[in-house]
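In: coordinates only, no sequence provided:
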Ligand code: BGP
């Protein structure tokens, strides 16, 4: 049946992250967070160097590199203009993150930084003034760098205490302004990008030229610490404000991992990949259990968890209120190739049944039905409300001689994915909202580029750091406004 089933209170909006848009990386008291030393989270060379005298890692930026995130798109100073552009599309919600380093610059201070608290208070008030429900990520790869270089980041149990101080501070300050909170953005990517996306650093490195190497012990110790921190966030959030809705946020493109053949090895491999790339966090966050397949891995790598019975009970008792996630594309598992990963999901053998992908150089396959599949798999597994907080397509776009950008590819990508969301709602999936990733051009997470543009709004800023920062609407801007204002029904009109 071709008609809209989007509920009347459906959240329509867009999503960004502090480290990819705000800029002002050292302004008003903020100290570096871990993304500030990287050009994209896929970097193999973060700006870290070992100091023999202090016996610690320290920030050492590469003068040859352009760290676009340091200025971002200057959202820190221009957010009123940008939110007005979002409101111009009829958004009733908007996702961004609080940069932890604006609130506790080094992460271990006793008192918070008032300038940072005030910035986000003004930002959330402006969202509400414009009719947008804030959806706020507590950590979007923005762990204060000092917590890594001084303590080793999430491999150190002390992080749980630093985290508690941070969330109590922001939960108290933004009560009445924020209802939806997301804990750790795509924390399931931590195993592939432990330093940047998880916030772990080996402070006793065997090789002081390799800052990205971590031990199996630190990997799984951080996993356990994060499970405790996530459950603690739900507990404290509900105690401080019963209206708070607290969700996990997982990269979930890998849920749509298809067996490349009906060879049982491929079928098993696809399930195993869903587990090691997504469910190994989703199961504890949503079901309160540490799954047997994780414990098998612990036996195989010789890791012994030090979680106490009290902590295991906390994890069991305080599961999340909803499951938020990113979906960009599907992938395949074949026993003949080794899967790789990027910020959009897994890469492996190309699926011959998908008829197109995004243009060069990223060539992300387009699989709208994979989003319906993902929504249904997550519903069947967790029976929780779901919020799509990232879906979108990055394109290399240049305005024409009249300053226009005709982004038909983006309009068709969004249309086809929303039609599948509509199907999933009819399948019985409880979908809270669709927040498009990057409604305004921002710095790419994976590559640290401006060239990879997601926006309905173009920003005149380029990979080499040049540009006027001027904003302009792309062709898709008015189309998406019509989708939002019609609550999706225009998708089904001839
Ligand atoms: C996810 C991140 C976002 C966003 C997205 C797109 O991993 O949560 O920060 O950037 O990837 O990735 P990219 O910007 O690399 O295209």
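Out: Here it is on my side, so go on. What you see is a predicted model; the values in this text were computed from it and never measured.
In: and for residue 308, the neighbour number?
Out: Around residue 308 there are 10 other residues, counting by other C-beta atoms under 10 Å. Every residue, glycine included, has its C-beta placed from N, CA and C.
In: that one: what's it in contact with?
Out: Contacts of residue 308 were listed using C-beta atoms under 8 Å, 6 or more residues apart in numbering, and none were found.
In: likewise residue 212?
Out: 44, 46, 194, 195.
In: now, those residues that are in helices?
Out: If you go by DSSP state H, those have nothing in helices.
In: just put those in a markdown table and tack on neighbour count, pLDDT and distance to the ligand.
Out: Formatted as a markdown table, the contacts of residue 212 follow (neighbours: other C-beta atoms under 10 Å; pLDDT from 0 to 100; distance: C-beta to the nearest ligand atom, whole Å):
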| residue | neighbour count | pLDDT | distance to the ligand |
| --- | --- | --- | --- |
| 44 | 7 | 88 | 15 |
| 46 | 25 | 94 | 16 |
| 194 | 22 | 90 | 15 |
| 195 | 26 | 90 | 15 |
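In: residue contacts, the closest residue to the ligand within the stretch 101-250 of the chain?
Out: Distances between the stretch 101-250 of the chain and the ligand by C-beta to the nearest ligand atom are smallest at residue 186, namely 4.7 Å. By C-beta under 8 Å, 6+ apart, the contact list for residue 186 reads 197, 249, 250, 251, 326.
In: selecting buried members of the residues you listed in PyMOL, what would you type?
Out: Buried residues within the contacts of residue 186, by 16 or more other C-beta atoms under 10 Å, are selected in PyMOL with:
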select buried, resi 197+249+250+251+326
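In: from the contacts of residue 186, which is closest to residue 280?
Out: Ranked by distance to residue 280 (C-beta to C-beta), those are led by residue 250 at 9.9 Å.
In: and the host helix or strand of that closest one, what does it pack against?
Out: Per DSSP states H and E, residue 250 falls inside strand 245-251. With contacts taken as 3 or more C-beta pairs under 8 Å, 6 or more residues apart in numbering; DSSP states H and E, strand 245-251 sits against strand 180-185, helix 216-240, helix 280-287, strand 322-326.
In: run the angle between it and helix 280-287 for me.
Out: Angle between the axes of strand 245-251 and helix 280-287 is 160 degrees (criterion: axes from the mean of the first three to the mean of the last three C-alpha atoms, to 10 degrees).
In: and the next helix or strand past strand 245-251?
Out: strand 257-259.
In: please list the outside residues in contact with that next one.
Out: By C-beta under 8 Å, 6+ apart, strand 257-259 touches 266-267, 269-270, 273-274, 277, 330-333, 346, 351.
In: so which of these belong to strands?
Out: 331, 332, 333, 346 (DSSP state E).
In: tell me the one of those nearest the ligand?
Out: residue 346 (12.5 Å).
In: what does the stretch 251-400 of the chain have sitting close to the ligand?
Out: 251, 326, 343, 390, 394 (C-beta under 6 Å from any ligand atom).
In: residue contacts, the residue nearest to the third one when sequence neighbours are not counted?
Out: What that stands for is residue 343. Once flanking residues are discounted, residue 343 sits nearest to residue 446: 3.8 Å by C-beta to C-beta, 6 or more residues apart in numbering. By C-beta under 8 Å, 6+ apart, the contact list for residue 446 reads 40, 41, 42, 342, 343, 344, 452.
In: make TSV out of the residues you listed and add pLDDT.
Out: As requested, the contacts of residue 446 are exported to TSV (pLDDT from 0 to 100):
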residue	pLDDT
40	92
41	88
42	87
342	87
343	87
344	89
452	97
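In: give me the buried subset of the residues you listed.
Out: By 16+ other C-beta under 10 Å, the contacts of residue 446 give 40, 41, 42, 342, 343, 344, 452 as buried.
In: distance to residue 167 and neighbour count added to the contacts of strand 257-259, as CSV?
Out: Listed next are the contacts of strand 257-259 as CSV, based on distance: C-beta to C-beta, whole Å; neighbours: other C-beta atoms under 10 Å:
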residue, distance to residue 167, neighbour count
266, 42, 18
267, 41, 15
269, 38, 20
270, 36, 20
273, 32, 21
274, 29, 21
277, 27, 25
330, 34, 24
331, 33, 28
332, 38, 26
333, 37, 26
346, 31, 21
351, 40, 17
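In: and residue 112, what does it touch?
Out: So residue 112 contacts 103, 104, 169 (C-beta under 8 Å, 6+ apart).
In: ignore the last one, residue 97
Out: 17, 18, 19, 136, 137, 138, 139, 140, 142, 185.
In: ok, now residue 356?
Out: Per C-beta under 8 Å, 6+ apart, neighbours of residue 356: 365, 366.
In: tell me the residues of the stretch 1-150 of the chain that contact the ligand?
Out: So the stretch 1-150 of the chain meets the ligand at 17, 20 (C-beta under 6 Å from any ligand atom).
In: again, only this time at 5 Å
Out: With C-beta under 5 Å from any ligand atom as the criterion, the stretch 1-150 of the chain meets the ligand at residues residue 17.
In: which residues in the stretch 1-150 of the chain form strands?
Out: With strands called from DSSP state E, counting those that start in this stretch, the stretch 1-150 of the chain shows them at 11-15, 48-51, 56-59, 93-97, 133-139.
In: and the residue of the stretch 1-150 of the chain closest to the ligand?
Out: residue 17 (4.9 Å).
In: could you check how many residues crowd around that residue?
Out: Neighbours of residue 17 using other C-beta under 10 Å come to 25.
In: what sits closest to residue 450 if chain neighbours are left out?
Out: Residue 450 sits nearest to residue 461 (C-beta to C-beta, 6+ apart), 5.0 Å away.
In: touching, that neighbour and residue 75? I think so.
Out: No: applying C-beta atoms under 8 Å, one finds residue 461 not in contact with residue 75, separated by 11.5 Å.
In: host element of residue 371?
Out: Going by DSSP H and E, residue 371 is in helix 368-382.
In: give me the below-cutoff pLDDT ranges for this structure.
Out: 1 (pLDDT under 70).
In: helices along that one, start to end?
Out: Counting by DSSP H, the helices of the chain are 18-21, 75-87, 100-103, 114-129, 145-151, 158-173, 216-240, 264-274, 280-287, 292-301, 309-317, 368-382, 408-426, 476-485.
In: which residue is the nearest non-sequential neighbour of residue 209?
Out: residue 50 (7.5 Å).
In: try residue 202
Out: residue 214 (5.1 Å).
In: distance check, the one you found against residue 306.
Out: Look at residue 214 and residue 306: by C-beta to C-beta, to the nearest Å, they are 17 Å apart.
In: ok now do the residue nearest to the spatial centre of the chain, which residues does it touch?
Out: For the chain, the residue sitting closest to the mean C-alpha position, by C-alpha atoms, centre = their mean, is residue 185 at 3.9 Å. Contacts for residue 185 (C-beta under 8 Å, 6+ apart) come out as 17, 97, 137, 139, 140, 141, 197, 249.
In: could you give the bridge partners of it?
Out: residue 249 (DSSP bridges).
In: please renumber so the chain begins at 231
Out: All right, first residue 231 from here; so that's residue 415.
In: next, give phi and psi for the closest residue to residue 308 other than its chain neighbours.
Out: Nearest residue to residue 308, sequence neighbours excluded (C-beta to C-beta, 6+ apart): residue 699, at 7.3 Å. With angles defined as degrees, to the nearest 10, residue 699 sits at phi 70, psi 10.
In: what's near enough to touch residue 699?
Out: Counted by C-beta under 8 Å, 6+ apart, residue 699 has contacts 303, 304, 308, 689, 690, 691.
In: could you check how far it is from residue 693?
Out: For residue 699 relative to residue 693 (C-beta to C-beta), the value is 14 Å.
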